[in-house]
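Undergrad: coords please:
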Amino acid sequence: MLALQQIGHSKIRVDAREKISGSALYLADYDVGDCLQGFTVRSQRAHATIKQIVFDADFDWSRLTVVQAADIPGRNVNPVILEDQPFLADRVVRYYGEPILLLAAPTLELCRAAADHISISYEELPACFTIEESLATSTPFFGEDNSFKRLQINKGDIEAAFREQNFHITEAEYTTAAQEQLYLEPQAMLAQFDLEGGLLVTGSLQCPFYVHSSLASAFPELVDRIEVRQSVTGGAFGGKEDFPSLIATHAALLAYHSGRSVRMLYDRAEDFQCTTKRHPSRTRIRSAVDTEGNIVALDVELLLNAGAYSTLSQVVLARGVLHAAGAYHVPHVRVQGNALATNLPPSGAFRGFGAPQAIFAIESHLDKIAQELNQDPVVLRRRNLLRPGDTFSTGQLVQTDACSQVLERAVSSSAYEENNRADRVFNDSHPTLRRGTGLALFYHGAGFTGSGENRIQGCALLQGNVDGTISIRVTSTEMGQGAATVLAQIAAEALQVSTAMIRFETPTTQHPDSGPTVASRTTMIVGKLIERAASELRERIAEYSGDEQFRTRVSQAVAAGGLETLSSYEPPPELKWDEETYQGDAYPDYSWGCYLAQVEVSLLDYSVRIRRFTTVQDIGTVINPALAAGQVEGGIMQAIGFTLYEKVHYADGKTLNAGFTDYIIPTLADLPQLAVEFIEYPSDRGGYGAKGVGELPFDGVAPAIAAAIRAAVGVDVRHLPLLPEQLMELLCQV
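TA: Down below sits the predicted model:
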């Protein structure tokens, strides 16, 4: 068998030169002649009836285009899942900052001046902002009980398990707060109509066909003449999965009514106030453990604060409940999930997609059990972790020993026992500092939940060019994570050429739909499509050796009539999933991780410094080690913010700290010493054996830090973020 030439090597990113040099054009850099600037007039109430909109008759409106809900040619519905969110509020607003009117003018200054001459009167309605308020309200605004989605997973007989008298019962509640994605480039869209009436929307986005679906809802007569194209995207992290559909449709409505190109660029404050956040959560867990330390039963309730509209909350909830029982073999499990409506801005996708909230809860609960039983947390995990032949809460069979292997490698690589002893010696001698070491064991389902991939039926097209190169035409987007590079490596490996022979074309809805760039599915699922397509293409090209012969053969084939191959997703026949019972194979495969944090806590100012962070993960075949390590490092930094720094402050639904000044994130000064290791259990369902890496690193950070803080100062960390003032309160209760 030939040695792999492209796979497993840290190839330089294909977009490195243009981004380092500054020549990459983001949407704000586009030079668009005769272009208007778009602006959104937003609700100043969290929940209210719109009584009247008055335009000042003394203001000169001739240079502006104004769009209201009644001006939408098609449906005033953003078609995500439940189709409950309007593009523009008509009679009722459900959150502070909800779009009501759109303005377009030659300058933003003119738009802002015009907005000051619009008067909107409201009649206040009862509002709820927290999970508890949503559950308690007597005036729900969605359905009968403000529930967007309920889910339940059952395994074994939970009631019978808890009737057993000899079990140790542990109960606790865990909460997490909203978190802002804080991508470098705010939301940005450009809408243009051509002379034939076709609509081109270009923007910073993750999912071109999601945007296309929304535009088709607003412009049904144009459905066959809409193209959505990605611009260079300055970060996303889930925040540009569903929200770009809204701003894209707003820009298109203004372009439609003005007859001009319209660009909408949010500033940081608007982006922060009005776009989606990570779902706040509340998780309650009751566990039963036998006298030998085996976890016999887990009863979990996971509640998510979904905000004013459902957006992606149904599928975020699904991933949350599917990770809520943790990486452990438990005979009796019940997980109940509920995504609840409140009058906050809609919650949405964010790296981890519901798993970080659930994993923080279950891993913290394992540490609480260990504390109550006076067991070492590692010993408790060793006894209960998932091994080959065990089943997840859905009944899916565990195929590999990756769970055990990442735990053992992390324990040995970090010198876990030696560090614990060193921490105790340090704590006995230092008057104001305390050190502790903690770990978390976890998994992340790679790919869409359940039958999601079957519904999408993703496709990838490889096409020969006149110059002898091969183009990858997919809708999988490059947003900083390295997809363009990794997919090119996979194609090059299958074709036995260098990546210089591969072009990753700008994603557009003119390409086959490879599915959205979400759910840790790109390298795994789309990579497999490209591997298959490239292998088929290689068989169709006359024999060659090396780049130059390849270039010649491809050029000849293109000249002779073209060269292309399309690969479509084929569901593995052995995977079965029941959407009603949530039983079966929840994911095509799983990535695994064990993260270990070493922290130092100050008893003077209650700050937490992370001294060292050790990570071991199985992501299948590591296609590009440098990019994979970068994903791990970036995920850790974001999750440190989620754990210790980042708190969105609301007052009656309005964000009070909508910017970098008051919303604190970790910087390089907060970066701990990092050790990143991979072990490889390749998946036959992923491109060259790859599984997902993008979301996994976020999942294990918060519980590992919480465990380390518990080891250092003896307090249970059950609520995130843990700001210094919260830590002070906890220590005062000891």
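Undergrad: Could you use CA atoms for every contact and neighbour count after this?
TA: Will do.
Undergrad: so who does the nearest residue to Lys528 once chain neighbours are set aside touch?
TA: Among residues not flanking Lys528 along the chain, Gly687 sits closest, at 3.7 Å (C-alpha to C-alpha, 6 or more residues apart in numbering). By C-alpha atoms under 8 Å, 6 or more residues apart in numbering, the contact set of Gly687 is Ile490, Thr523, Met524, Ile525, Val526, Gly527, Lys528, Leu529, Ile530, Glu531.
Undergrad: Please report how far Gly687 lies from Ala586.
TA: According to C-alpha to C-alpha, to the nearest Å, Gly687 stands 19 Å off from Ala586.
Undergrad: Which secondary structure element is home to His444?
TA: Using DSSP states H and E, His444 falls within strand 433-446.
Undergrad: Partner strands of that strand, with direction?
TA: Strand pairing for strand 433-446, using DSSP bridges, gives strand 589-602 (antiparallel).
Undergrad: just checking, Ala402 touches Ser683?
TA: No: shown here, Ala402 and Ser683 do not form a contact pair, counting by C-alpha atoms under 8 Å, at 11.8 Å.
Undergrad: More neighbours: which of the two?
TA: Using other C-alpha atoms under 10 Å as the criterion, Ala402 and Ser683 rank with Ala402 on top: 25 against 19.
Undergrad: what residues are up against that one?
TA: Ala402 is in contact with Trp592, Asp618, Tyr681, counting by C-alpha under 8 Å, 6+ apart.
Undergrad: ok, now which ones touch Pro407?
TA: One correction, residue 407 is Leu, not Pro. So Leu407 contacts Leu441, Gly593, Cys594, Val616 (C-alpha under 8 Å, 6+ apart).
Undergrad: Help me confirm that the third one comes into contact with Val406.
TA: Read it as Cys594. Yes: the criterion here is C-alpha under 8 Å, and Cys594 meets it with Val406 at 5.6 Å.
Undergrad: Need the residues touching each of those two.
TA: With C-alpha under 8 Å, 6+ apart, Cys594 and Val406 have common neighbours Val616, Gln617.
Undergrad: Looking at these two, which has the bigger crowd around it?
TA: A side-by-side neighbour count of Cys594 and Val406, using other C-alpha under 10 Å, places Cys594 first with 28 against 24.
Undergrad: per-residue confidence at that one?
TA: As predicted, Cys594 sits at a pLDDT of 98.
Undergrad: what does the one 5 residues further on give?
TA: Val599 is assigned a predicted lDDT (pLDDT) of 98.
Undergrad: For beta bridges, what are the partners of it?
TA: Gly436, Ile610.
Undergrad: In this structure it contacts Ile709, no?
TA: Yes: with contacts counted by C-alpha under 8 Å, Val599 reaches Ile709, the gap being 6.7 Å.
Undergrad: Same question for stretch 141-156: list its buried residues.
TA: The neighbour-count check on stretch 141-156 (16 or more other C-alpha atoms under 10 Å) flags Phe141, Phe142, Asp145, Asn146, Ser147, Phe148, Lys149, Leu151, Gln152, Ile153, Asn154, Lys155 as buried.
Undergrad: host element of the third one?
TA: Read that as Asp145. Remark: Asp145 resides in no helix or strand, with elements defined by DSSP H and E.
Undergrad: Is the closest residue to it other than its chain neighbours part of a helix or strand, or is it coil?
TA: Among residues not flanking Asp145 along the chain, Leu135 sits closest, at 7.2 Å (C-alpha to C-alpha, 6+ apart). Three-state assignment for Leu135 (DSSP: H, G, I helix; E, B strand; the rest coil): helix.
Undergrad: who are the neighbours in contact with Leu135?
TA: Asp145, Asn146, Leu340 are the contacts of Leu135 under C-alpha under 8 Å, 6+ apart.
Undergrad: got CSV for the residues you listed, with pLDDT and distance to Glu539 too?
TA: Below are those laid out as CSV (pLDDT from 0 to 100; distance: C-alpha to C-alpha, whole Å):
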residue, pLDDT, distance to Glu539
Asp145, 97, 58
Asn146, 98, 56
Leu340, 98, 53
